[in-house]
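K.L.:
sequence below, structure please.
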Amino acid sequence: MKKTSDIIIIGGSVIGSSVAYNLLNDGYTGNITIFEKDPIYEFSSTPRSAGGIRQLFTTAINIQISRYSLQQYKTFPEDMAINGEKAEIDFQQRGYLFLAKNENIDQLQKQANLQHEYGVPSEFLTRGELVTIIPELNTDDLQGGLYCAEDGYLDPYSVMQGYAKKAKQLGASYVYEPVETILKNDQGITGVQLENGDTYHAPIVINCAGPWAPALSETINCPVPVIPLKRQIIQFDIAEPLTNKIPLTVDPTGVYFRHEGQSLIVGFSEKVKPGIDFRWSRELFLEQLWPILGHRIDNFLYAKVISGWAGMYSHNTKDQNAIIGEHPEVNGYYLACGFSGHGMQQAPAVGKGLSELIRTGNYHTLNLSPLRFERFAENELLIEGAIV
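P.N.:
Now for the predicted structure:
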């Protein structure tokens, strides 16, 4: 029996599921088949992320994507409800805060001006204003910070499941088998072959495979400039609780921290060799993160590690931004990869954009063409200055 579909999506995590949901919710009537090799999403990048939602970016397209996605996440529980049961995602709008020293002040103020052009209510805080947000903050070496009260963090696993369950309700089919290779001929995409030998035929394949996307793209000789990089997150308790539940706060060193229930989590983009690696280490906390945390907030000097985990950044080596749209050399081959740690927070806009592009041939809600694959050859890189 020949297995066919109208659209095949490789990767059933937050990006792939958002694309499927948006297509079907926007009225697409064809068959959509999503292939996900990890049925319990144990090693998926989405649930291993820090769950941050921010509009504090430095490029117009990323600001617009975040602005749109933020509004979607505010109504997500109702939008993804099934039979009256809301898809709760624990969205805590406690803000996002970038701390700044002297050398960063001018850049943050320029960022704020650009963000204001797109309706983002970001504000530059003085040293004195910082302690109204985090009273325990050591500001001796700071000059201020960029803050957005609308931003915050949520439960990424619940977001992923919300999209997947709603996509299934709307008619998407999930097949929990790994794809071995993408298939094409001289006219374009023809389908995929699974590791178990089964072949599925479709004129459209969307590669949403996260850190595994580059290897799959290589199977049709379409290399993408993306590598997998390990990113660790450590969860810890402190002896003396903080006065306030804090924003997701980014130290000038790049170390970030936020509340996770009554505990806290901390992360940092340390230098690692490319590769798939899910090991985490207490030594990262003890040797690198703890000194920075303790310097910034005295309460963090008395910390106890509870747990930790590692996930994969799909790191775009060219400009650290997503690659979205149809590949210029292969008809029917679409990419949604290389998010460099921003996949979960950009998923609503990316799903909507690809739905429009595939159904109508153009973007309507947001013009995502700055993220096209062709920008690399055209030397129109999209340099984002606020990468965490």
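
K.L.:
I204 touches G191, doesn't it?
P.N.:
No: using C-beta atoms under 8 Å as the test, I204 is too far from G191 to be in contact (9.6 Å). C-beta: built from backbone N, CA, C; applies to glycine.

K.L.:
so what's in contact with these two at the same time?
P.N.:
By C-beta atoms under 8 Å, 6 or more residues apart in numbering, I204 and G191 have these common neighbours: I8.

K.L.:
ok, how many other residues are close to E195?
P.N.:
Here the number of neighbours of E195 (other C-beta atoms under 10 Å) works out to 11.

K.L.:
ugh, typo on my part, it should be S307
P.N.:
12.

K.L.:
hey, what's it bridged with?
P.N.:
Beta-bridge partners of S307, counted by DSSP bridges, are Q235.

K.L.:
gap between it and P214?
P.N.:
Separation of S307 from P214 (C-beta to C-beta, to the nearest Å): 30 Å.

K.L.:
please identify the buried residues of stretch 193-207?
P.N.:
Residues of stretch 193-207 classed as buried by neighbour count (16 or more other C-beta atoms under 10 Å): L194, Y200, A202, P203, I204, V205, I206, N207.

K.L.:
now the first one: how far from G16?
P.N.:
In this structure, L194 and G16 are 16 Å apart, going by C-beta to C-beta.

K.L.:
next, the buried residues of stretch 364-377.
P.N.:
Quick answer for stretch 364-377 (16+ other C-beta under 10 Å): L366, L368, P370, L371, R372, F373, R375.

K.L.:
just the helices in the chain please.
P.N.:
For the chain, the helices defined by DSSP state H cover 14-25, 60-74, 76-79, 105-117, 127-133, 156-169, 213-218, 282-283, 290-296, 343-360.

K.L.:
pull the CA atoms of the helix or strand of the chain with the lowest mean pLDDT into CSV?
P.N.:
Every helix and strand of the chain was ranked by mean pLDDT, DSSP states H and E. The lowest is helix 105-117, at a mean of 92. Extracted C-alpha coordinates of helix 105-117, given in CSV (Å, rounded to 0.1, in the frame of the first residue of the first chain):
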residue,chain,number,x,y,z
ILE,A,105,24.4,51.5,28.2
ASP,A,106,24.4,53.2,24.8
GLN,A,107,23.6,49.9,23.0
LEU,A,108,20.7,49.1,25.3
GLN,A,109,19.2,52.6,24.8
LYS,A,110,19.4,52.2,21.0
GLN,A,111,17.7,48.8,21.4
ALA,A,112,14.9,50.3,23.4
ASN,A,113,14.3,53.0,20.8
LEU,A,114,13.9,50.3,18.1
GLN,A,115,11.7,48.2,20.3
HIS,A,116,9.4,51.2,20.9
GLU,A,117,8.9,51.6,17.1
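
K.L.:
separation between the most centrally placed residue in the chain and P211?
P.N.:
Per C-alpha atoms, centre = their mean, the C-alpha nearest to the average position across the chain is that of G343, at 2.1 Å. For G343, the distance to P211 equals 10 Å [C-beta to C-beta].

K.L.:
burial count for K86?
P.N.:
13.

K.L.:
over to it: give its phi and psi.
P.N.:
phi -70, psi 150 (degrees, to the nearest 10).

K.L.:
so what's the closest residue to the residue nearest to the centre of the chain other than its chain neighbours up against?
P.N.:
With C-beta to C-beta, 6 or more residues apart in numbering as the measure, I15 is the residue that lies nearest to G343, at 5.5 Å, once sequence neighbours are left out. By C-beta under 8 Å, 6+ apart, the contact list for I15 reads C208, G210, A336, C337, F339, G343, A347, V350, G351.

K.L.:
so which of those would you say is closest to T219?
P.N.:
Set against T219, the nearest of the contacts of I15 by C-beta to C-beta is C337 (14.2 Å).

K.L.:
for M344, which non-adjacent residue is closest in space?
P.N.:
Counting by C-beta to C-beta, 6+ apart, P156 is the residue found nearest to M344 once chain neighbours are left out, at 4.7 Å.

K.L.:
and that neighbour, how far is that from G51?
P.N.:
When P156 is compared with G51 (using C-beta to C-beta), they lie 5 Å apart.

K.L.:
which residues do these two both contact?
P.N.:
M344.

K.L.:
what's the end-to-end length of stretch 327-339?
P.N.:
Using C-alpha to C-alpha, to the nearest Å, one end of stretch 327-339 lies 16 Å from the other.

K.L.:
let me fix that: stretch 299-307
P.N.:
So stretch 299-307: terminal residues 19 Å apart, C-alpha to C-alpha.

K.L.:
also stretch 159-177?
P.N.:
Taking C-alpha to C-alpha, stretch 159-177 runs 22 Å from one end to the other.

K.L.:
distance between that stretch and the chain's centre?
P.N.:
Counting by C-alpha atoms, centre = their mean, to the nearest Å, stretch 159-177 is centred 18 Å from the centre of its parent chain.

K.L.:
pLDDT averaged over it, what's the number?
P.N.:
Averaging pLDDT along stretch 159-177 gives 98.

K.L.:
what comes up buried for it?
P.N.:
Residues of stretch 159-177 classed as buried: 159-168, 172, 174-175, 177 (neighbour count, 16+ other C-beta under 10 Å).

K.L.:
could you do stretch 271-283 as well?
P.N.:
Going by neighbour count (16+ other C-beta under 10 Å), the buried part of stretch 271-283 is W280.
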